[in-house]
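Chemist: Attaching a predicted model along with its sequence, questions to come.
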Amino acid sequence: MAYIYLDESGDLGFDFSKSGTSRHFLIALLLVINRRPVTSLVKKTFLSLPHAAKRNNSGILHAHHEKDITATRLLRALAQKSIRIAVIRLDKSKILIADNPNELYANMVTTLINRLYSDGVVDKDIRIDLIADVVMREYSMYE
């Protein structure tokens, strides 16, 4: 069995006149065969945070909200683990029209996962558990 943690960055809005609309939409996958080393690393990183930081983040590590040192420490440690990372980026300004943003999202995820199979990163016989929009929420302070 393999595990894929999926997260996205940006938004699927196409009204570029709004200040919050991003030009790019990015989906990243983190693929592991054994998730225990990654979950242990996340737990260790979370436990190393100061008490006030633990109280304010509800048990979720999110690079955008963490201090640079925390994100850097976690990424350096992840680089030492047996993981694979795949990314797909969409330049939304090159899309003429997006009738259904959810369909666009699903197509991007499908393309990315199919590429893992076609490039031989994942054996076709291996079952994959996809963990979406919960990136690295393997440890909760409420458990």
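Modeler: Received, thanks.

Chemist: What segments of this structure are helices?
Modeler: Taking DSSP state H as the criterion, the chain carries its helices at 36-47, 51-57, 68-79, 101-118.

Chemist: in this protein, which helix or strand is least confident?
Modeler: Ranked by mean pLDDT, DSSP states H and E, the helix or strand of the chain with the weakest confidence is helix 51-57, at a mean of 70.

Chemist: Stretch 8-27: end-to-end distance?
Modeler: Start-to-end span of stretch 8-27 (C-alpha to C-alpha, to the nearest Å) is 4 Å.

Chemist: tell me which residues in it are buried?
Modeler: 8, 12, 14, 25, 27 (16 or more other C-beta atoms under 10 Å). C-beta coordinates here come from the backbone N, C-alpha and C atoms, glycine included.

Chemist: Report the separation between residue 40 and residue 3.
Modeler: As defined by C-beta to C-beta, to the nearest Å, residue 40 lies at a distance of 14 Å from residue 3.

Chemist: Those two: which is more packed in?
Modeler: With neighbours defined as other C-beta atoms under 10 Å, residue 40 and residue 3 compare such that residue 3 has more, 19 against 13.
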